[in-house]
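**Q** give me a model of this one.
(chains A and B)
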Amino acid sequence: MTGAELTIDLLAKHGVKEVFGYPGGAIMPIYDALYGAPVKHYLTRHEQGAGFAAVGFARSTGKLGVCFATSGPGATNLITALADAMMDSVPLLAITGQVPTAAIGSDAFQEIDVLGMSLSCTKHSYMVERPEDLAEILQEAMHLAQSGRPGPVLVDIPKDIQMAQVPFHPWLAADDYLPQLDLKQVAIANQLLSEAKRPVAYVGGGVQAADAQQQLMQFLDKTQMPAVSTLKALGSVLPEYEYNLGMLGMHGGQAANLAVQECDVLVCIGARFDDRVTGNLSKFAAKAKVIHLDIDAAEVGKRKPAKASLIADLKSSLPQLECFVTEQAWLAHTKAMMTEHAWRYDYPGEKVYAPYLLNQLSQRMPQNGVVCCDVGQHQMWVAQHMKFSHPSNHLSSGGAGTMGFGLPAAIGAQVARPNDFVITVSGDGSIMMNIQELATIRRNNLPVKILILDNQRLGMVRQWQELFFDGRYSETNLSDNPDFVQLAAVFGIPGQTVTHANQVDDAITALVNSTGPYIVHACIDDKENVWPLVPPGAANDEMMTESVK
Amino acid sequence: MKHSLTVTLKNQSVAVERFLRVVRHRGFDLIHFQLNMDDGQYQVAMTVDSDKPIHLLTTQLNKLVDVRHVTLENLHQQAM
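**A** Just a heads-up that it's a prediction; the model follows:
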């Protein structure tokens, strides 16, 4: 068996049925081994598209996503997707071809030190130096990507090792090292909970990584504790939960941010006090004692000290929290804030109002559909105005904030969940960053839906220029965009443009009812901003709202 | 504040590079660094300087797959 054949064989044995990639010289033996193999390969039109498709596959299922690229520029094009997966803890395996061992270090054609480049954007990475190491490295890489706190792992395989005869020794993955709960810390946490008058649960992406939605909801249902979510956690707290305050942070809801600022105990469940969540850290939840639950010890105390640290898998730590029922006065106050600051959709005027469109789409699309996003204003409107019943139904580039994420991520999600409704919501800036993947949609007849919210601007940057840079609109005008419906038509994808509010309902009907891929190009007001907004350096209770503007 | 650490690393060609990258990125200046190969593993003795608490470095180093042990020599300082 050659190294290339072994690589494909091991993927298949591990249960990998689909991979995404792009061939090239140094990975040709692996592509040759793919020919006729039981692993289906999806050819994207750019390696970054393959990386994000694998991320979308992984995030929409919780399974390992796998992508291939050749050496040199093929591998560098994967780097952004690896960085994205690193920031958002996504289980990803990247396999790259490398020039033959004898040529490494000679500045050979398409030789780049990919292992060196991978150090800052992977959980771990390898370059295979000997044929006899290949099997163990691949098996360890698949295990590492999915164990503990998940993340991307890269395996760089020189061409001669792909072509060499290799031995295969089945390798039994070591048991996961899972930190054991410190019972003293559990006791401290439960003491804090017993004394809490105004507790809040601050829910993060760890709930999806640990597959702990059930444990989370059991805790919330028993305690009735008000819950706020990070961008990545949206869907972890079920939408029907009475005290679901939605997203907190820079563009979070006012009730969510105010509740956190007022709380006396903050139960952080798989979150990491990201700067977009906390605003001014010294003023964030300043009255609160923190109970921090996370599998990664490095996140506890990294940004905000914890009074109790439960460092373990959330599935085991969450049930250790005692379920004291939250006091009625705090619940009534929380409810009053939710009512006072509820989202409003009674937008005056004839233009398309993006929050209304997204809210209507959320109500009319299948409940178990997947919504992917790009990055910018539309991303925040999706987070604010759409509802999700599971975090695997909302794929948004959180930590890295990568424009161009949405379209290939939707491809990966649609491959992973062929019977589910999958849509990418994008902006006129972001969609152009991986627009070539329309060809991948067409090639595979994937019924991916596309909604472009087009304000002919890099909207979020334009908003900051308006608010914080004296209206000096440097390089954010995109009024020379192509006609997106015509562009999609060239790839054989039908669609329509909407320019007025009274066209929105019919466009959503066409989108939801279409059996194949479909695009809705919605022209929105170029001056529309995302509200509320916590300005730079401010505390989360110092939000700017539209009325302040 | 200065902190002395000893670290045991797997004998992997990239292990030292990966480990030093984390030291720099997490905001710790390298004051002293000594590397020896012993019993098939790298033994590192180093001193770092930073205004950040040392647990911000030790917890990150402990996560690295190639790192076997991290020992903080002056435990009375801000070790977690």
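
**Q** got the residues of the stretch 301-450 of chain A near chain B?
**A** Neighbours of chain B within the stretch 301-450 of chain A, by CB under 8 Å from any CB of the partner chain: A:301, A:302. To be clear about C-beta, it is placed using only N, CA and C from the backbone, and glycine gets the same treatment.

**Q** how about the strands of the stretch 301-450 of chain A, start to end?
**A** Here the stretch 301-450 of chain A has its strands, by DSSP state E, counting those that start in this stretch, at A:308-311, A:370-373, A:394-395, A:422-427, A:449-454.

**Q** in the stretch 201-350 of chain A, what residue is nearest chain B?
**A** residue A:298 (3.8 Å; CB to the nearest CB).

**Q** torsion angles phi and psi at the residue lying farthest from the centre of chain B?
**A** For chain B, the largest distance from the centre (CA atoms, centre = their mean) belongs to residue B:39, which lies 18.8 Å off. Backbone torsions for residue B:39, taken as degrees, to the nearest 10, come to phi 60, psi 40.

**Q** for burial, what's the neighbour tally of the residue in the stretch 401-549 of chain A that chain B sits nearest to?
**A** The nearest approach of the stretch 401-549 of chain A to chain B comes at residue A:401, 18.7 Å away (CB to the nearest CB). A total of 17 residues lie near residue A:401 under the criterion other CB atoms under 10 Å in any protein chain shown.

**Q** I figured the residue of the stretch 201-350 of chain A closest to chain B hits residue B:61, correct?
**A** No: assessed by CB atoms under 8 Å, residue A:298 is found out of contact with residue B:61, at 9.1 Å.

**Q** returning to what we had before: contacting residues for the residue of the stretch 401-549 of chain A closest to chain B?
**A** Residues counted as contacts of residue A:401 (CB atoms under 8 Å, 6 or more residues apart in numbering or on different chains) are residue A:375.

**Q** name the nearest residue to residue 22, sequence neighbours excluded.
**A** No chain was given, so I picked chain A. residue A:47 (4.9 Å; CB to CB, 6 or more residues apart in numbering or on different chains).

**Q** think we crossed wires, I meant chain B
**A** residue B:60 (5.4 Å).

**Q** what strand or helix carries that neighbour?
**A** Element membership of residue B:60, judged by DSSP states H and E, is helix B:55-63.

**Q** average pLDDT for that helix?
**A** Here helix B:55-63 scores 97 as its mean pLDDT.

**Q** so what touches that helix?
**A** A:296-298, A:300-302, B:3, B:5, B:7, B:19, B:22-23, B:26-28, B:48, B:50, B:67, B:70, B:72, B:78-80.

**Q** tell me the mean pLDDT over the next helix or strand after it?
**A** Going down the chain from helix B:55-63, the next helix or strand is strand B:67-72, by DSSP H and E. Strand B:67-72 shows a mean pLDDT of 95.

**Q** the residue nearest to residue A:22 contacts residue A:79, correct?
**A** No: look at residue A:47 against residue A:79 with CB under 8 Å: they stay out of range, at 9.2 Å.

**Q** settle it for me: which of these two has more neighbours?
**A** Taking other CB under 10 Å, residue A:47 and residue A:79 do not tie; residue A:47 has more neighbours (27 against 21).

**Q** report the contact partners of that one.
**A** Contacts of residue A:47 (CB under 8 Å, 6+ apart): A:21, A:22, A:67, A:69, A:74, A:75, A:77, A:78.

**Q** redo the strands of the stretch 301-450 of chain A as CSV? Include mean pLDDT, distance to residue A:278 and mean neighbour count.
**A** Formatted as CSV, the strands of the stretch 301-450 of chain A follow (pLDDT from 0 to 100; distance: least, CB to CB, whole Å; neighbours: other CB atoms under 10 Å in any protein chain shown):
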stretch, mean pLDDT, distance to residue A:278, mean neighbour count
strand A:308-311, 98, 18, 24
strand A:370-373, 98, 22, 30
strand A:394-395, 98, 21, 26
strand A:422-427, 98, 26, 29
strand A:449-454, 98, 28, 27
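
**Q** ok, residue A:180 - how many residues close by?
**A** Neighbours of residue A:180 (other CB under 10 Å): 9.

**Q** report the secondary structure state of it.
**A** Using DSSP: H, G, I helix; E, B strand; the rest coil, the secondary structure recorded for residue A:180 is coil.

**Q** go ahead and confirm it touches residue A:313.
**A** No: Residue A:180 is not in contact with residue A:313 according to CB under 8 Å; the separation is 10.2 Å.

**Q** would you mark the buried spots in stretch B:27-38?
**A** For stretch B:27-38, the neighbour count (16 or more other CB atoms under 10 Å in any protein chain shown) marks residue B:28 as buried.

**Q** what does it rub up against?
**A** B:2, B:4, B:11, B:16, B:20, B:23-24, B:42-50, B:52, B:56-57.

**Q** any weak-confidence spans in the chain?
**A** Assuming you mean chain A. A:171-177, A:547-549 (pLDDT under 70).

**Q** actually chain B
**A** Checking chain B against pLDDT under 70 turns up B:74-80.

**Q** point me to the residue of it nearest chain A.
**A** Closest point on chain B to chain A, by CB to the nearest CB, is residue B:59, at 3.8 Å.

**Q** roughly how far apart are that residue and residue A:314?
**A** 18 Å (CB to CB, to the nearest Å).

**Q** list the buried residues of stretch A:311-319.
**A** A:311, A:312, A:313, A:314, A:315, A:316, A:317, A:318.

**Q** touching it from outside, list them.
**A** A:178-182, A:185-186, A:206-207, A:210-212, A:215-216, A:218-219, A:269-270, A:293-297, A:300, A:310.

**Q** which strands and helices sit next to the helix ranked longest in chain B?
**A** Ordering each helix of chain B by length in residues (DSSP state H) puts helix B:15-25 first. Helix B:15-25 sits against strand B:2-10, strand B:29-38, strand B:41-49, helix B:55-63, with contacts defined as 3 or more CB pairs under 8 Å, 6 or more residues apart in numbering or on different chains; DSSP states H and E.

**Q** how much does the second one deviate in direction from helix B:15-25?
**A** Just to be clear, that refers to strand B:29-38. Relative orientation of strand B:29-38 and helix B:15-25, computed by axes from the mean of the first three to the mean of the last three CA atoms, to 10 degrees: 160 degrees.

**Q** can you tell me which residues in chain A are near chain B?
**A** Listed as neighbours of chain B in chain A under the rule CB under 8 Å from any CB: A:115-116, A:119-120, A:123-125, A:127, A:129, A:144, A:296-298, A:300-302.
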